[in-house]
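Q: Here is the input, now give the coordinates:
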Amino acid sequence: MPATAPASKPAKLALQDGTVYSGQSLGATGEIAGEVVFNTSMTGYQEILTDPSYCGQIVTMTYPEIGNYGVNSVDIERKGTALSGFIVRNESRVHSNYRSEGSLGDYLRTHNVMGLAGIDTRALVRRIRVEGAMQGVISTEDLDDASLVAKAQAAPSLVGRDLVKEVMPSQQEKWNEELDEWGAIEVNRSSARDGAGDIIVSPEIGDEQRTHVVCMDFGMKWNIPRHLRSRGNRVTIVPGNASADDIRRLQPDGVFLSNGPGDPEPLTYAQKTISDLIGEVPILGICLGHQLLSIACGAKTFKLKFGHRGANQPVINLKTERVEITTQNHGFAVDDKDLPDCLEVTHRHLNDDTIAGVRHREANAFAVQYHPEAAAGPHDSHYLFDRFQAMLKKA
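A: Below is the predicted model:
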């Protein structure tokens, strides 16, 4: 007989505007605070749980039934978890999939993540959409409404905080892992559709024959270096606070700027490094890396009302007029106002017309505000890695 899950405890979520929701604990117990946001994905909850970009946030899933296919040791994007809390309408009572190794609740307990289930997530998401993302507190210990609201109101905002230092690696490392068999098949399928042909490179090729990509890790999802390695690159990961000289000593053929959590404006060390490297080698940035590249070129960023988080975000490529369905996870965006002349907007988000991609008019540098590596999908944007690979070979 399977082990019985520990009994849930009464739990509450309080928002800084005074709203309180009552439900049951899911995962660990205790009390945590964070910015309450929502994600519209129907699948990929394990990738969300292990995405460092959610550091400091309590993630609400809009899809009502979460946990139905369980969890496994493969679908992780980073060791451990970085988010503050996790909210669902219902945790599935059954997890059924040939790859499943355990339940969502067990996974949350193992990684000491506080969760909340049984609340009206539709009402919560509507409130966030109307009022904007706000600070909240989940607790199984303090169930007094007034006390919890006061704690939510006292919780620190994400604006102006450097959360990257909480999730970036402490030292550089060499990356050797490639895409798994299914991932490689999907990449070759999408690349063939885009006219690139098979691009997955044989692992027998020695490192001395590979172009060298240095990844600045601000909280990088692991499927990114898998894509870079599978395309034939030697990949070195460095902490997000590495200097330009640190990176030059590695003699890269290209530099990748990763995703990561929070506000890009306080990350002046990363902005300087990127500014120093522009024009020296090809550069590709995604998500936080997109924002940092733009700031390094003279742009500004602003905080979105409730952000873009989900695997169904529509983006238009302004050159091809092709619409891509993308995975996104960010609460800040590059401001159209006073955009420097050196940057050209290449992509826009179709829901709110915010900037979703830029390229440098003079240097080999471009970036997008979404995730082309997209585990667990969609896969519309794999071509961006192919474009970067072509830049590496040409350079």
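Q: Now for His95, how many residues are close by?
A: His95 sits with 19 neighbouring residues when counted by other CB atoms under 10 Å. The way it works is simple: take the backbone N, C-alpha and C, and place the C-beta from them, glycine included.
Q: And it, how close does it get to Ser103?
A: His95 sits at a distance of 5 Å from Ser103 (criterion: CB to CB, to the nearest Å).
Q: anything in contact with each of these two?
A: The contact sets of His95 and Ser103 overlap at Gly67, Gly70, Val71 (CB atoms under 8 Å, 6 or more residues apart in numbering).
Q: how is the chain carved up into domains?
A: Segmentation of the chain into domains, based on automatic domain parsing, reads 10-154, 164-394.
Q: Could I get the contacting residues of the residue nearest to Asp276 when sequence neighbours are not counted?
A: Nearest non-adjacent residue to Asp276, counting by CB to CB, 6 or more residues apart in numbering: Ala244, 3.7 Å away. The contact partners of Ala244, taken as CB under 8 Å, 6+ apart, are Lys272, Thr273, Asp276, Leu277.
Q: okay, the closest residue to the last one other than its chain neighbours: pLDDT?
A: Of all residues not flanking Leu277 in the chain, Ala244 sits nearest, at 5.4 Å (CB to CB, 6+ apart). Confidence per residue is given as pLDDT, and for Ala244 that number is 98.
Q: any idea how far Ala244 is from Leu392?
A: 19 Å.
Q: How about Gln313?
A: In this view, Gln313 and Leu392 are 27 Å apart by CB to CB.
Q: And for Ser230?
A: When distance is defined by CB to CB, Ser230 is 14 Å away from Leu392.
Q: Among the shared contacts of His95 and Ser103, which lie within strands?
A: Where these are compared with strands, as defined by DSSP state E, there is no overlap at all.
Q: Need the residues you listed in JSON lines (columns: distance to Gly18 and neighbour count).
A: Formatted as JSON lines, those follow (distance: CB to CB, whole Å; neighbours: other CB atoms under 10 Å):
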{"residue": "Gly67", "distance to Gly18": "30", "neighbour count": "25"}
{"residue": "Gly70", "distance to Gly18": "37", "neighbour count": "21"}
{"residue": "Val71", "distance to Gly18": "35", "neighbour count": "25"}
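Q: can you tell me the helix or strand for Arg309?
A: Element membership of Arg309, judged by DSSP states H and E, is strand 301-317.
Q: just checking, next helix/strand downstream of that strand?
A: From strand 301-317, the next helix or strand downstream (DSSP H and E) is strand 323-334.
Q: show me where pLDDT drops low in the stretch 151-300 of the chain?
A: Applying pLDDT under 70 to the stretch 151-300 of the chain flags the ranges 189-204.
Q: hey, where'd the strands end up in it?
A: 173-175, 211-217, 233-239, 254-257, 283-286 (DSSP state E, counting those that start in this stretch).
Q: if we can go back for a sec, given the strand holding Arg309, what are its sheet partners and their directions?
A: Using DSSP bridges, strand 301-317 pairs in its sheet with strand 323-334 (antiparallel), strand 343-349 (antiparallel).
Q: can the ones you listed go into JSON lines with extra columns for mean neighbour count?
A: Conversion of those to JSON lines gives the following (neighbours: other CB atoms under 10 Å):
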{"stretch": "strand 323-334", "mean neighbour count": "23"}
{"stretch": "strand 343-349", "mean neighbour count": "19"}
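Q: Need the per-residue pLDDT for the nearest residue to Gly310 once chain neighbours are set aside.
A: Nearest residue to Gly310 in three dimensions, chain neighbours excluded: Thr40, at 3.3 Å (CB to CB, 6+ apart). Here the pLDDT value assigned to Thr40 is 97.
Q: Span of stretch 11-31 from start to end?
A: The distance separating the two terminal residues of stretch 11-31, taken as CA to CA, to the nearest Å, comes to 9 Å.
Q: Quick check: buried residues in that stretch?
A: Neighbour-count burial for stretch 11-31, counted by 16 or more other CB atoms under 10 Å, picks out 11-16, 19-21, 23-29, 31.
Q: Ser25 sits in which helix or strand?
A: Assigned by DSSP H and E, Ser25 falls within strand 20-27.
Q: Give the pairing partners of that strand; include direction for each.
A: In its sheet, strand 20-27 lies beside strand 10-15 (antiparallel), strand 114-117 (antiparallel), with partners assigned from DSSP bridges.
Q: Can you lay out the ones you listed as TSV showing distance to Gly331 and mean pLDDT?
A: Supplementary listing: the strands paired with strand 20-27 in TSV, determined by distance: least, CB to CB, whole Å; pLDDT from 0 to 100:
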stretch	distance to Gly331	mean pLDDT
strand 10-15	16	98
strand 114-117	20	97
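Q: Reformat those strands as a markdown table; add distance to Leu267.
A: As requested, those are exported to a markdown table (distance: least, CB to CB, whole Å):
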| stretch | distance to Leu267 |
| --- | --- |
| strand 10-15 | 28 |
| strand 114-117 | 28 |
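Q: Figure out which of those is closest to Glu321.
A: With CB to CB as the criterion, Glu321 lies closest to strand 10-15 of the strands paired with strand 20-27, at 40.6 Å.
Q: Is Val323 bridged to anything, and to what?
A: Here Val323 sits in beta bridges with Ile316, as judged by DSSP bridges.
Q: This protein: helices as residue ranges?
A: Counting by DSSP state H, the chain has helices at residues 45-49, 104-110, 121-131, 145-154, 164-167, 181-193, 223-230, 244-248, 268-277, 288-296, 383-394.
Q: which of these is buried the deepest?
A: Of all the helices of the chain, helix 288-296 has the most neighbours on average by mean count of other CB atoms under 10 Å, namely a mean of 28.
Q: For it, which helices and strands make contact with it?
A: For helix 288-296, the helices and strands in contact under the criterion 3 or more CB pairs under 8 Å, 6 or more residues apart in numbering; DSSP states H and E are strand 254-257, helix 268-277, strand 283-286, strand 301-317, strand 323-334, strand 355-360, strand 365-368.
Q: How far does it sit from its chain's centre?
A: The gap between the average C-alpha position of helix 288-296 and the chain average comes to 15 Å, counting by CA atoms, centre = their mean, to the nearest Å.
Q: go on, stretch 65-76?
A: Average the C-alpha atoms of stretch 65-76, do the same for its chain, and the two points are 17 Å apart (CA atoms, centre = their mean).
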